Structures are given as C-alpha cells and as structure tokens.
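Asks: fold the following.
(3 chains)
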Amino acid sequence: MSKNAKNLIMDTRRRAVGGIAESAGKAVLFCITAIPTVAVVFIIFFIAKEALPFFGDISHLKEFFTSADWRPSADPNPHFGALSIFYGTAMVTAGSCAVAVPLGILTAVCLNEIVGSKTAGFFKPLVELLAAVPSVAYGFFAIIVFAPLLQNHGGAILSALLFAAGVPVAAIAALPVADFVSARFTKNARLRKISGFLFSAVCAASVGCGALSLSSMEISSGTNALNASIILAIMALPTIVSISQDALASVGRDMREGSLALGATRFETIFKVVLPCAKSGIAVAVILGLMRVVGETMVVWMASGNSLKIPEPFYNFFEPVRTLTATIAGEMGEADQSTGSARYHVLFAMSFCLLAGGLALNAASQWVGSGFKFRKK
Amino acid sequence: MNNTSTRKILDASFTALAYSSLAAVAAALALFLFPIFFNGAGAFIFRATVEHEKFLHENLDADLSESEKKAISESDAARAPLYKMMREYESPPNAEKLRDRLAKSYKESVEAIGGASVEILGALDKKAPERAESIRNISKKLWEPYLSTVRESVQESAKNGTSIALSGILAENEAELAATARAELALLGKTKRLSFRQKSLVRRIVTELPSSEISAALETLESRNRAYASFRDGIAQLLGPRNKQEKEAAKLMRQKYGQTRMDTARKVLENSVLKITVKERDKSGAEFMRRVSVSEYFHGTPVEKMAEYVGKNADAMLRPHIAAYPGFLFDDPYDSSIFGGIWPMVLGTFYLTFGSMLMAAPLGVAAAVYFSEYARGGKLTHVLDTCVGTLAGVPSIVFGLFGLAFLINTVRISESKSVLAGSVTLALLVLPTIIRSCEEALKAVPNSYREAAFALGAGKWRSIRTVILPAALPSMLTGIIISMGRAAGETAPIIFTAATSTGAALAICDVFTQPTPALPWNIYNLCTEHEMAERVSHVQYGMVMTLILIVLALNGAAIWLRARLRKKMKF
Amino acid sequence: MKKDIANVLKSGFAAALAFCAAAVSAETKIVIDGSTTVGPIAKAFADFYKETHPEVNITISESGSGNGVKSLMNGACDIANLSRFMKPAEFKSCVDKKILPVAHVVAFDGLAVVVNPDNPVKSLSMRQIADIYTGKITNWKEVGGKDAKIVVVSRDTNSGTYETFNELVLKKLPVSKSAEYVGSNGQAKMRVAATKNAIAYLGLGFADDSVKPLSVDGILPNAKSVSSGKYPIARPLFMFTDGYPKMGGDVYNFVTLHLTKEGREIVSDLGYIPVCE
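Replies: Numbers count the residues shown, from 1 in each chain, chains lettered A, B, ... in the order given. Sure, this is the predicted structure:
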C-alpha cells in the first residue's frame, strides 16, 4: 500500500482525534462568528450606559425631543433641546433622498435595461468609484470648492440644474397627462397629438421660467442644507444604483419578453412590469442609501453650516442646519467627559438615537429584503 | 393610452432621460474629481520660486544644480536694489544731519529757558487764572524755535523718507525733556527756594507743551512707520529674510523662506505687499482698520518706488519655474505643513489600514467560513447573521464613540489614543463588509467541489482548507481589498481613537501606544483648523488627492485581481 | 529557497527589534493635547524645540479643551492646552485621580471680531456686537453698513473661545439661533473671508489679511491694547501640567519656553500676545 493510500484510511484513534479537532475548530469558528454579535451588544450597551444618566431624567427627556433650545454649556441651567438637530438630520436626509433616489433608480434602470453590456461595463466602475471615495474627501469638496461656488453663483447654478433636470422631466411627465385628458374629449389622434405637445411645451416652459427666476437669487451662506444634501446624495447614489440594479437584474427575462410581446414599449415594460417586480429590492436600496446618509459625519460636519435654528420657512434649504452626527463629532472634544457632565451624556444620548435609527432602518431593510429574496426565487 | 406616436415619443424621451441620468452621474464624478486632481497635482508639480530650492537644499539635503545656483544668485542680484532702497529708508544717510538740526534747535530752546529765569519766577507768583495764561505764553515763546523745526521736519519726512529716523530722534528728545526740567529746577533753586507746587509748575512750563507736540508728531510718524512695517513684513513674507542675520534670528520656518510657490507668492504680492492694512482714527478718536494700496498711501515717497519696483520685478526676484516635487509624499512636514510633505500622515494611514486588516481579514474569513460551511440555519445562525447586518448599519461616528468609551476608557488597551485603538475600531467597522463579501465568495464555489473533496475522503476542515478556500480566494481578496479602501478613508472612527494633528512618523514598535497623524483626519484638520489655511491649500488638495489615489489604487487592484483570477479559474 | 526566505525574515526581524530598541532608548516624548486655539503656539514651540532637541518626539492633538483635561487626568498627556481655565469640577476630578493641575499662562489672546474686507463697517460697540449675536440686530444697515442680512458665525458652543466670548461680550445670554457654528478658528476665518455679510470672532492669531478686524468700542485689538487691558475681549491661554514639571526636564523647558526671548518672539509672530515684554 502506498503512503498516500495509507493516509486516506483512518483508524479509529485518528478519527476520534479528528472529531475532537473538528468540533474544537468549529467552536473557534463559532466564537469568531459571534464577534459581530458581541460587538453589537457591547456597542448598544456602552452607548446606552453613557446615555442613561441623561435619559434617566424625565424632564431632560421631554426637553430633548420637544425643545429647540440647545445650550449644553450654559453654566447655571443648561438646556438640551435637540429638536432642531433632529430636524436638521431629517431635512438633510430628505433633501439628499429627493436627489439620489430618482437619479439612482433612473441610473440603475438605464444601466440594466437600456444601454448595452459594454456601456454598462464602462459606467458601473464609475459608480463604484463614487462609493470608494472617502467621505472626508467629499466633505473637503463641499466646503472648499462647492460652498464658495454656491454662495457666489448659487442662483445661476440652481437655475441651470433645474433647467437641465426639470424641463425634460416636466415635458415628459406632461405628455401622458395631456394624452389622458385629451382622450376624454376627442378621438382625433392628430388633435390629441398636437394638444399633448402643446401641453408638454407649456409645462416645460413654465418650469424653465421658474428656473430662470431662480438665477437672480442670492444665497447668503454656501454651507447650508442644500450643499450637504447634494453631496450626501452623491455619496448615497452608488449604494442605491448597485442594489437597485441587482434587484432589476433579478427580474426574470420572461417577464420583459412577455410584456414586449404584448406590444408594450420599453418605457411601459419598465414602468409597469420590471419596476413593480423589483420594488422590494429597490426599497432595500433606498433604505440602505438612507442609512449611509443618516450615519454620515464628515460631510455634514463640514458642509451643513451647523446652525441650531429650524430653517424658516421649514423647507428653506438655503439655511444652515445641524445634524446629530455633526453635533457629536463637533462637541465631543470639548465636552468635559472627565467629569461625566450632562453634556457628555447628552451626546451619547444622541448617538443612542442615531444607533436606534440605524437599527430600525436595518431591520426595515431586512424585513423588506426578505420579500425581495422570496420573489427572487 | 392608445396613441401610438405619443407612446413612442414617451418611450424615446424616457430613454433620453435615462441616458442623461447616466451622464449626470458621470458629470458629478468629473466635476468632483477634476478640481481635486488638478489642484492636487499642483502639490507635486507647480511653478516654484527660488525659495523652494533654498528650502530643499538647506533642510532636505538636496543638491543645487549649477543652473539653480545661478538662478539664486540672479534673484539675489534682482533683490539687491530693493533691499538697498529699504535700508536707506530705514536708516537714511541724512539722518545725522537731521539729528544735528533738531539737537541744535533743542539746545537753543534750552538755552532760552535758562535765560528766562526771571520771567518764569515772575509767572510763578501770579494768581491762578493769569498764571496759567502766562505759563502757556512763556512756554510757547521759549519752545517756538524748536517746535517749528519739529513741525517742518515732520512735514518733510513724509516726502523724503526720514520718518523712521525722525521718530527715533524725537523719542530721544522727549526722553531728554525730563533732564532739561531737572536742570532748570536746579538753576532756579539757586536763586529761590521753590515749594513743591511751584516745582511742578516749572516742570509744566518746561515739558508740557513740547511733550504733547512731540507725542502728536510721533503718532503721525508712528502710523506711517507701522504702515511701512506692514509693507516690510509683506516683503519678508514674499521674499524671505533679507540677510543672514535676519535668517538666523527667525524662529519659525515660515520666516526663514519666502514664498516657495508662485501661486501663493502672487497672492501675497497682491494682498500683503501692494496693499496693506493701516490703522486710522476717525473724528471721534475711535480706531479702525483700512485697506489701502501702498502707492496711494505712500504717494510721493521712496516707499512708492519700492512698491513699484516689487510689482515690476517680482518674477526676477523669485525666478518662477516649473518644478516637480515628488518628496511631497515622502518628506516630513515642516512648520505646520507650510513646507515639506505629508509622509507621517501617509504612514499613519498605512498603519491604521493594515492594522485593521490584520485583525479584520482573518476574523472575517473565519466567520464567513462558519456561515457558509458550518451553520445549519436555525435561530442562532439567524441571530448571528442579523447582527452582522446590524453592525454594518451602525453609523461610523458611533464606532468612534464606542472606541473611546470601551477600548480607551474601559479596557484601556492604550493610555490614550493609539494606532492600536484606532485599528481595532476600524476593524470592527469593516468586519461586516468582509464577512459578507467572503460569504458570497464561498457560496459561489460550486457544490461539486465540496462533494468531490468529500468523495476523495477529505474531512470537512481539510476540504475547506485545500479546496474551497483556494477556490474562493480571488473573490475573497477582492472584498478584503475593497474594505481596505474603506478603512483607509474613514475619518469619524479615528477622531477619538487614533488621530493627532501633528506628530512625527511613527516607528513600527510605537503603534501600540502612540497616536499618529493620518490622512483623513489631517485633511479635516488642515482645511479647517490651520491658522494660515490659504497658504497650505496645495497641501490640502495634495492630501485629498493622495488619499483618493490610495483608495482608488486599492480598488483598482481589487478589480484587476478579480479579472485576472477569474480567467484562471472558472466555475 | 525556503531557507533563504527564512533567513531574510530572521534578519529583518532582528533589524526591526534593534531599530525598536534604539528608538525606545533614544526618544523622550512630550504628548500634548487640548484646545485648537493654543494649538498653533504648541506646534510652533514643538518645531522650535525639536531643532535644538532632535531626540524629543512631540505629538500634538488639537481635540479641544475638554479632551485636554481628560487626557491630563488619565495621565495620557504631559501638557494639556486650554483656552479657558480649568473648571472646578474638572479640577476636582483631577485631584481625585491624584493629578495636580498646574497652570502656565503661555500667552494672551484677544478675540478679534472680524468681517469681510469688503464690508464698510469699521467699528462696533460691545453692545452692538452683543445685539448682533443675540439676534436683536439682524441687518448691517442697523450698524451703519449696507442693507444686507448679517450672517452670524459663532464657534461651537463647547469651545473655550465660545465660552470666553459668551462671558465677556454676551454676558451669558444665548447666541441667536440663526447663528452658524463652526468648529475652529480657521473655519471661522474661512467663512468670513468667503462670505460678504458674515461676522465672526476668532483668536487674534488667526486674523490675517483675508478678514478685517473691527475696532471694539473704538479700540483695535493688538499687542498693546490687549496686554494693557484696554481691548475688552481678551483672555489668557493656558498649558496645564501635572504638578510643576521637573526643573530642567523637557516638559519644563517646553512650558517655560514662552518666558524666553525666542518663545516670546514666536508667540508674537503667531499673532498672540506674549505674557511679558
């Protein structure tokens, strides 16, 4: 018997040793696998532990969520109203979603449904590139390049952007509406076509006028909610694009073919068949993008202006705002942690809220995602 | 919707819209990367001045080539006339004459006072209201010759550039007044015994008028001299110290050299040399700052000529030329990053990245092996799996706080911030990403591989080690390298755990106890907390570009690896 | 082949060990942490000190006054930079940990109130500044400037600079909610340099040609007016050590550098005001 063959045959002793080694190895692997779990527990525990002294006081708790009076360092009676900070976080998140979600989904659709695989192969790394860029580089861009630009030529930039994005969207959106409305009054195809174009032109023109009227607007400060939103949107874009694209790709070929065979245009196929099929996957993409935005620190710290006011009116994106993450990063250094003062704990209370938000979003994504995976099969 | 043409148009325009979204993403990327790469390249290749070579030669042992030596000597020659003008302005050749003239008229006035004892004593005996009047008159009469000389020379000084000399001489005279008063008191004391009150009156007669006039003159001169000083400081900022003594006296490196880069030199020339900030008073006596151009403020004086000379000959004095400075990556920073490179930060980033990978990669692979090979579903696995997702969802700043509260304040893995603490924090941050990507990689290994290994009699562990891991290695490596890029670029987790704003490059043995500067944090620090942020703007861009390049290189390597190894083993 | 690799590894390891040993024995360390305002002084001192003592490794973190105290208390740093005096609670917990903080006043700092150089406003009274920051005055027109909204820029509420400003100018009234907050002096300067209608306050050392300091109650901030106490918004800057450092040691040399001629020159070159002339 050759040596190798001998090795393959195990005697009982070796088998026993092997078995013990096997289970020991498995135990070690299990322990390692449990590290993330332990880490999650520890993170929650430690953040909660430091936050508890603050939340323990009911009056604090109420003020924290309902008042916008943030004076943690006032000496005799500090105030910990974080409402404006929560609002700032929500505002920046909403703003960046408004930009990133349509753009991201549209890009994903384009990559997956419209362009050929070669073009997609060229653009996909570009999108990944956006994801790879460190957040501090985005923050640097926001404060050094974008903020002065926005401040000095804000009106012109905005009107150009609105013009470029808004006019075609308005024109396209107006078409089906006009078609639908005119179908009620006339059967004449020619008339309907003309009325559709007219309506679409009117819509496009009105948006264009709106865009032009923006051009004379003055922005007093370039570091504001808009700046942070746009930069955050760029950061969230890759997440949304790549996950939505996966979702779109998982929609079966048969669905598309069926739809096309029934005479639907590509637009109709995408809108009425592919997107509804992939909707849970896209929802996951949006949630994960949202998570990236909410948890992002450097960009908002550098670009949002860090003002404590709830903007007036509340939708005014040209006013500076402050977010949870920026508050934590900015104030932790100066809070006298040594004495365990209230303002040290309030920052932990904030990160606890942030953590809770993150966990909730994560749970939501898994809940929605489970539907997505199910469909995938 | 039945109208075919509308539907077609809708379809076409939707396609166009989708394409334009793609274009928008590409444009965003280009708009973002272009300024960073364009300006960042400026840290390595830029229009340098001779000061750059001087700095390299004197601090980093760079040899000067013949042409560089020639450029330096030529620039010195071009500066010589300016320095000569400045020297003449600061200590004019006719200062002695001026001193003599003032001294002479001062002496005359003193003699006049000596001869006016009777008058003065007479004034002392008068009653209150008249006394003040006569004191003023006597004073005026006695000092008039001197004070008119002072007024004249102050007026002349504006044109002939003797302000600095004159203010020195006047200050001397003012100091002399007390002695003059003492002498006069002694003289009067010989004829009559004076009461304390009378003595102070005498002092007033002798000193009050001239001292107030001299102070007024001095204030005029001083404000002019201060304006000149700020012009001179501007020149020093632009060209560096004028001579060896000044250079040796300089304490900060920024005072030892002029502007090393032509772009900043232009700015200094515009903002600090040709324009200066002068202090002025309004009618109510309140001070305020005003920006004026030098030629306007010093119109008709030698300083105007200096400014003109600097404006015309800036290039000859600085000798701008294109220079490549690869040392930006490998040199230590000098004087708060105004000079030199970014090596400690780059090194710190490498330590943090590799440190975190040393921990996260083996752990991540092990966990992935467990998930894909051992886990049998069930509640426990589900919990473990969920927690990986949860950890991925924790905001990065929370990791930083956790590192601070747990690793440093509770476990005390180091006394304070250290590379170790930062690496552990970063490792936790990237762990979920690594687990997920490795798990994907392992799951992609076809089951036939496992079955074949088992069929050959290999145990589970053996088959994992010899068959499955090698097969999954390429995609696992890709995932790990991409996570490495993420670890390199993260800022928030290291703020409280590892990063300092200044510090030397660390030796490898210090990583367990010492904090380090690191690119991401120093980018933030430099662009927000530097006292001369505009002077280090090239360093900011250079750092950002280096960081992006590091991350992109890692990602590029991952993509290359994936492509290469995929060709090798297909399944 | 394998042997070669092993040999290379071995010798590399030995070299690394030797290198470490050399590094450990040769280097003494000064670890500095704390305020961003004192940062430039500490950095310049470090550069200067390293020239004469190349064997000393100095690391400086600018993580804020509060962090500085914490590091000092934990024995994690030798010198804590503070732009305010240590608070009673901080002092107490230091003493509880057997750390005896000793204050060294290294310089004075005037807080310059600055506006964009294009702003025609030249001077403000303390009252006007307070009104601007509390939100009573919102337009430059009201203080003799153009008809434009004032962009109020303040330092973070927890910075030492903010506390000084709040105490000396605002008399502890809260800053208006529409104020923007920035994390550092440099950022405040950048905001004002880039924003036509902004106003900010920052350490005198940071005020350069890109911004215009206003005169406060008719007095401009400079070395003379601050050290004579005429300029109303000024404060001392501190370095804290644990006990008085051993005389002649590196830490001692460092915290007494500001008393030497060179140290004073560095301090004034950076735009701060030396403690003694």
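
Asks: low-confidence ranges in the chain?
Replies: As the question left the chain open, I've gone with chain A. Low-confidence segments of chain A (pLDDT under 70): A:1-11, A:14, A:73-76, A:333-340, A:371-377.

Asks: try again with chain B
Replies: In chain B, residues with pLDDT under 70: B:1-3, B:566, B:568-571.

Asks: mind giving me the domain ranges of it?
Replies: Chain B breaks down into these domains under automatic domain parsing: B:51-73+B:245-325, B:87-234, B:347-518.

Asks: can you tell me the element the residue nearest the centre of chain C falls in?
Replies: Nearest to the geometric centre of chain C sits residue C:37, at 1.2 Å (C-alpha atoms, centre = their mean). In this structure, residue C:37 sits in neither a helix nor a strand according to DSSP states H and E.

Asks: quick revisit: please identify the deepest-packed of the domains of chain B.
Replies: Each of the domains of chain B was scored by mean neighbour count; the highest is domain B:347-518, a mean of 22, by mean count of other C-beta atoms under 10 Å in any protein chain shown. All C-beta atoms are positioned from the backbone trio N, CA, C, and that covers glycine.

Asks: distance between it and the chain's centre?
Replies: From the chain centre to the centre of domain B:347-518 is a distance of 36 Å (C-alpha atoms, centre = their mean, to the nearest Å).

Asks: of the domains of chain B, which is nearest chain A?
Replies: When these are compared by C-beta to the nearest C-beta, domain B:347-518 sits nearest chain A, at 2.5 Å.

Asks: enumerate every residue touching the residue of the stretch 151-277 of chain C at minimum distance from chain B.
Replies: As assessed by C-beta to the nearest C-beta, chain B sits closest to residue C:218 within the stretch 151-277 of chain C, at 3.1 Å. Residues in contact with residue C:218 (C-beta atoms under 8 Å, 6 or more residues apart in numbering or on different chains) are B:284, B:285, B:286, B:287, C:123.

Asks: let's see that with 7 Å instead.
Replies: B:285, B:286, B:287, C:123 (C-beta atoms under 7 Å, 6 or more residues apart in numbering or on different chains).

Asks: next: residue B:552.
Replies: Shown in contact with residue B:552 (C-beta under 7 Å, 6+ apart): residue A:132.

Asks: go on, residue C:269?
Replies: For residue C:269, the contact set (C-beta under 7 Å, 6+ apart) comprises B:251, B:252, B:255.

Asks: near chain C, from the residues you listed?
Replies: Restricting those to those touching chain C (C-beta under 7 Å from any C-beta of the partner chain) yields B:251, B:252, B:255.

Asks: so which helix or strand takes in the last one?
Replies: Assigned by DSSP H and E, residue B:255 belongs to helix B:253-256.

Asks: now residue B:406. Nearest residue, chain neighbours left out?
Replies: Among residues not flanking residue B:406 along the chain, residue A:46 sits closest, at 5.0 Å (C-beta to C-beta, 6 or more residues apart in numbering or on different chains).

Asks: from the ones next to chain C among the contacts of residue C:269, which is closest to residue B:32?
Replies: residue B:252 (35.3 Å; C-beta to C-beta).

Asks: list the contacts of the helix or strand hosting residue B:100.
Replies: Using DSSP H and E, residue B:100 sits in helix B:95-115. Residues outside helix B:95-115 that contact it (C-beta under 7 Å, 6+ apart) are B:142-143, B:145-146, B:149, B:153, B:162, B:165-166, B:169, B:173, B:180, B:184, B:187, B:206.

Asks: which stretch among the domains of chain B comes nearest residue A:99?
Replies: Residue A:99 sits nearest to domain B:347-518 of all the domains of chain B, at 20.5 Å, using C-beta to C-beta.

Asks: next, the distance between the ends of that closest one.
Replies: 7 Å (C-alpha to C-alpha, to the nearest Å).

Asks: other SSEs contacting whichever strand or helix holds residue A:136?
Replies: According to DSSP H and E, residue A:136 maps onto helix A:135-140. With contacts taken as 3 or more C-beta pairs under 7 Å, 6 or more residues apart in numbering or on different chains; DSSP states H and E, helix A:135-140 sits against helix A:225-249, helix A:298-303, helix B:519-529, helix B:537-568.

Asks: gap between the second one and the chain center?
Replies: This means helix A:298-303. Helix A:298-303 has its average C-alpha position 15 Å from the chain's average C-alpha position, going by C-alpha atoms, centre = their mean.

Asks: tell me which helix or strand comes right after that helix.
Replies: For helix A:298-303, the succeeding helix or strand toward the C-terminus, using DSSP H and E, is helix A:324-332.

Asks: and the angle from that following helix to helix B:519-529?
Replies: Inter-element angle recorded for helix A:324-332 and helix B:519-529: 70 degrees (by axes from the mean of the first three to the mean of the last three C-alpha atoms, to 10 degrees).

Asks: so for residue A:188, which of the domains of chain B sits nearest?
Replies: Using C-beta to C-beta as the measure, domain B:347-518 is the one of the domains of chain B that comes nearest residue A:188, at 56.2 Å.

Asks: so which of the helices and strands packed on helix A:135-140 is the most packed in?
Replies: helix A:298-303 comes out most buried of the helices and strands packed on helix A:135-140 by mean count of other C-beta under 10 Å, with a mean of 31.

Asks: quick one: contacts of it?
Replies: Outside helix A:298-303, the residues touching it (C-beta under 7 Å, 6+ apart) are A:92, A:135-136, A:138-139, A:142-143, A:147, A:223, A:227-228, A:231-232, A:235, A:323, A:325-326, A:329-330, B:491-492, B:524.

Asks: may I see the buried residues of the helix holding residue A:136?
Replies: Applying a neighbour-count criterion of 16 or more other C-beta atoms under 10 Å in any protein chain shown, the buried positions in helix A:135-140 are A:135, A:136, A:137, A:138, A:139, A:140.

Asks: output the ones next to chain C among the contacts of residue C:269 in JSON lines; the columns should cover distance to chain A.
Replies: Converted to JSON lines, these look like this (distance: C-beta to the nearest C-beta, whole Å):
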{"residue": "B:251", "distance to chain A": "29"}
{"residue": "B:252", "distance to chain A": "25"}
{"residue": "B:255", "distance to chain A": "27"}
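
Asks: surely the residue nearest to the centre of chain C and residue C:237 touch.
Replies: Yes. Counting by C-beta atoms under 7 Å, residue C:37 touches residue C:237, with 6.5 Å between them.

Asks: what touches both of those two?
Replies: C:83, C:109.

Asks: re earlier: what's near enough to touch the residue nearest to the centre of chain C?
Replies: Residues in contact with residue C:37 (C-beta under 7 Å, 6+ apart) are C:83, C:109, C:160, C:161, C:185, C:203, C:237.
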